[in-house]
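# Need a 3D model of the following:
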Amino acid sequence: MENWRNVVLACVLSLLVLFGWPIVANHFFPPANPPATKIVKGKSVPLPAPGATPAADAPAAIRAREVVLQDSPRIAIDTPRLRGSINLKGARIDDLVLATYRETIAKDSPPVRLLSPSGTADAYFAAFGFAGDGVTTPNDQTLWQTQDSLLAPGKPVTLTWRNDQGQLFTIKLSVDENYLFTIEQSVANLSGNAISVRPWSLVSRTGHSKDPSTWTAHTGPIGTFNGATNYDVNFANLDGQEPGFFARIGGTTAKAGTNSFSSKGGWLGFTDKYWLTTIIPDPGKTIDANFRKGEGDRYQADFSAAPVIVPQNRVARSTSHFFAGAKEVTVLDAYKKNQGFANFDRAIDWGWFIWFEKPIFNVLDWLFKLVGNFGVAIILLTCIVRGLMFPIAQKQFASMAAMRAVQPKMKELQEKHKDDKQKLQQELLALYQKEKVNPLAGCLPILLQIPIFYALYKVLMLTIEMRHQPFVAWIKDLSAPDPMTPLNLFGLLDFTPPGFLAIGVLPILLGITMWLQFKLNPTATDPVQQQVFSIMPWIFMFIMAPFAAGLQLYWTVSNLLTIAQQKWLYSRHPTLRAQAGKA
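This next block holds a predicted model:
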């Protein structure tokens with residue numbers, strides 16, 4: 001009867017984990033990227049990009065982008081990483097694609113579009129201008145003049161506009177070889193009176209990010225103010241909603257509606273999982289910054305500097321920057337170091353453990369550049385981790401062997417002091433000290449694995465360097481789940497299992513290797529523990545199925561190395577091997 005109750009208890013606990021985990025994981029540990037491929041008749045077929053921009057004739061589209069782009073004169077943008085154009089009407093950068101990134105892994109996939117002009121679906125743009133008191137300033141309908149025809153590295157563009165009061169407004173734009181635009185704004189006062197002007201910059205986007213914002217991966221409004229990066233403001237706040245329960249326990253301090261900040265330097269804009277647009281004032285200037293909701297589903301991040309008095313026949317100048325591109329770790333780090341952009345590397349939501357996650361990324365990225373295959377790099381990283389932990393694992397097995405050796409004495413003490421728990425604890429402690437064993441030593445390798453596993457999870461989830469990286473055969477994207485599942489006979493059946501049941505080959509191997517690993521361990525004395533350990537590998541198979549294939553690969557290889565290590569260590573600890581054999 002007692003064993004039956006233990007079995008039922010173990011099954012209930014397993015079901016709670018199995019069905020309760022997805023609810024918790026969706027918020028705290030979101031699964032991997034959407035699948036990049038689908039297995040059809042045993043072959044990988046690229047899938048369309050999730051949430052791609054609607055076609056021109058789709059209901060969500062306002063007007064075709066090609067039509068809108070012809071409405072106003074433009075200057076082309078051509079850099080090694082960017083293609084697009086500047087709209088002379090309103091001085092907007094509103095047409096931009098990332099030349100080195102594709103929507104999907106298909107060979108004919110178009111480049112990722114980041115910015116799109118107003119009047120199109122998913123409008124997204126940056127604008128720069130001036131505000132003033134008692135002076136006519138340019139607006140969003142102003143048609144700027146220029147003698148230039150191309151913006152490229154080393155080829156800046158100068159835009160000018162003159163009002164009828166004697167002021168000449170100038171915006172000079174330049175761009176580097178990556179994703180950074182430099183904006184130099186100036187006002188020449190040729191009138192007979194002093195004027196007051198203040199330059200401003202803004203980023204405007206329509207709709208929420210297609211990447212969900214979670215506790216571990218922030219998307220949406222983002223900024224650094226007075227040296228601290230703010231992840232608290234989100235689209236829901238700007239929509240007028242107060243933060244929910246999970247947001248509150250995550251530490252948010254954002255309020256509903258417009259969120260305003262006064263800051264010396266810093267930056268602000270919008271982030272997706274892999275892409276970032278942000279306006280960056282001069283690091284030495286104090287600005288007023290805002291996140292706000294506009295008409296419909298339009299959102300805006302903006303800043304303006306303090307008003308400047310421009311005497312007659314004088315020129316006032318200010319410099320700012322605009323970043324629009326991929327959140328590449330080395331690029332963000334270089335801008336932080338060379339340009340002095342505070343916390344610019346924090347545009348990637350590394351979280352509290354950045355001190356540990358970035359070294360994991362650096363090692364993994366170095367290995368990838370060394371071998372040219374990201375899956376092989378993960379395997380090599382796993383070998384390095386297991387190698388570093390080998391001495392600890394050796395002590396763990398020695399401790400397990402010693403614990404097995406003293407078990408008869410422990411049972412004697414338990415029988416002798418079964419009615420006196422305090423005395424039993426004292427005697428057990430004395431026994432541990434006499435025999436020089438530590439009952440908690442076996443937990444240390446597991447505890448050390450947790451931060452490594454979490455760091456790798458964050459790296460695979462957040463860093464664009466891992467996006468669309470293949471391994472072998474059917475695994476074309478290690479940042480997405482394993483697409484091949486036996487439930488549809490590996491794609492031979494025209495049936496796509498639901499996400500919860502779409503268990504790929506790697507999660508199955510993970511479950512099998514974990515089961516083998518547990519079989520090599522000495523059997524637990526507690527019947528409940530025995531039942532839990534027997535079911536746990538198959539629970540983890542389901543839990544890990546939605547995660548990135550790279551993470552599944554890491555855990556599977558780690559299990560295989562642990563099994564090999566256990567075999568070798570058993571040869572050095574016959575007592576432990578004998579106990580495992582009896583099990």
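# Tell me where the stretch 151-300 of the chain has strands.
Taking DSSP state E, counting those that start in this stretch as the test, the strands found in the stretch 151-300 of the chain are 157-162, 167-175, 180-189, 195-206, 220-225, 228-230, 259-264, 267-271, 275-280, 286-293, 298-305.
# what's next to the last one, contact-wise?
The set of residues external to strand 298-305 that reach it, using Cβ atoms under 8 Å, 6 or more residues apart in numbering, is 123, 131, 198-206, 221, 223, 235, 238, 268-270, 278-279, 281-282, 285-294, 318. Where C-beta positions appear, they are placed from N, C-alpha and C, glycine not excepted.
# Flag every buried residue along it.
Buried residues in strand 298-305, counted by 16 or more other Cβ atoms under 10 Å: 299-305.
# helix, strand or coil for Asp140?
What DSSP: H, G, I helix; E, B strand; the rest coil gives for Asp140 is coil.
# Now do it against Phe128, distance only.
Counting by Cβ to Cβ, to the nearest Å, the gap from Asp140 to Phe128 is 11 Å.
# Compare these two and say which one has the larger neighbour count.
Between Asp140 and Phe128, counted using other Cβ atoms under 10 Å, the more crowded position is Phe128 (23 against 12).
# residue contacts, the more buried one?
Phe128 makes contacts with 91, 171, 183, 185, 199-202, 320, 322, as judged by Cβ under 8 Å, 6+ apart.
# who wins for most neighbours among those?
Going by other Cβ under 10 Å, Pro199 tops those with 29 neighbours.
# what stretches of the stretch 251-400 of the chain score poorly on pLDDT?
Residues of the stretch 251-400 of the chain meeting the criterion pLDDT under 70: 251-256, 397-400.
# now do 90
Scanning the stretch 251-400 of the chain for pLDDT under 90 picks out the ranges 251-259, 283-285, 294-297, 305-306, 312, 351-356, 385-400.
# Kindly reformat the strands of the stretch 151-300 of the chain as a markdown table containing distance to Ala377.
Shown next, in a markdown table, are these (distance: least, Cβ to Cβ, whole Å):
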| stretch | distance to Ala377 |
| --- | --- |
| strand 157-162 | 41 |
| strand 167-175 | 32 |
| strand 180-189 | 29 |
| strand 195-206 | 35 |
| strand 220-225 | 29 |
| strand 228-230 | 29 |
| strand 259-264 | 39 |
| strand 267-271 | 26 |
| strand 275-280 | 24 |
| strand 286-293 | 38 |
| strand 298-305 | 36 |
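# among these, which is nearest Asp78?
strand 167-175 (9.3 Å; Cβ to Cβ).
# which other residues reach that closest one?
77, 79, 82, 86, 91, 93, 128, 130, 135-138, 144, 151-153, 156-163, 181-191, 195.
# Restricting to C-alpha, output that strand in PDB.
Only the C-alpha atoms of strand 167-175 are listed here, as PDB (Å, rounded to 0.1, in the frame of the first residue of the first chain):
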ATOM      1  CA  GLN A 167      17.200  81.700 -40.200                       C
ATOM      2  CA  LEU A 168      19.000  78.900 -42.000                       C
ATOM      3  CA  PHE A 169      18.500  75.400 -40.600                       C
ATOM      4  CA  THR A 170      21.000  72.700 -41.500                       C
ATOM      5  CA  ILE A 171      21.100  68.900 -40.900                       C
ATOM      6  CA  LYS A 172      24.300  67.100 -41.900                       C
ATOM      7  CA  LEU A 173      24.000  63.300 -41.800                       C
ATOM      8  CA  SER A 174      26.900  60.800 -42.000                       C
ATOM      9  CA  VAL A 175      27.000  57.100 -41.500                       C
END
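# how far off strand 180-189 does that strand point, in degrees?
Counting by axes from the mean of the first three to the mean of the last three Cα atoms, to 10 degrees, strand 167-175 lies at 170 degrees to strand 180-189.
# Enumerate every residue touching Ala127.
With the criterion set at Cβ under 8 Å, 6+ apart, Ala127 makes contact with 90-94, 140, 201-202, 204.
# May I see the PyMOL selection of the buried members of the contacts of strand 298-305?
A single PyMOL command selects the buried members of these (16+ other Cβ under 10 Å):
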select buried, resi 123+198+199+200+201+202+203+204+205+206+221+223+235+238+268+269+270+278+279+281+285+287+289+290+291+292+293+318
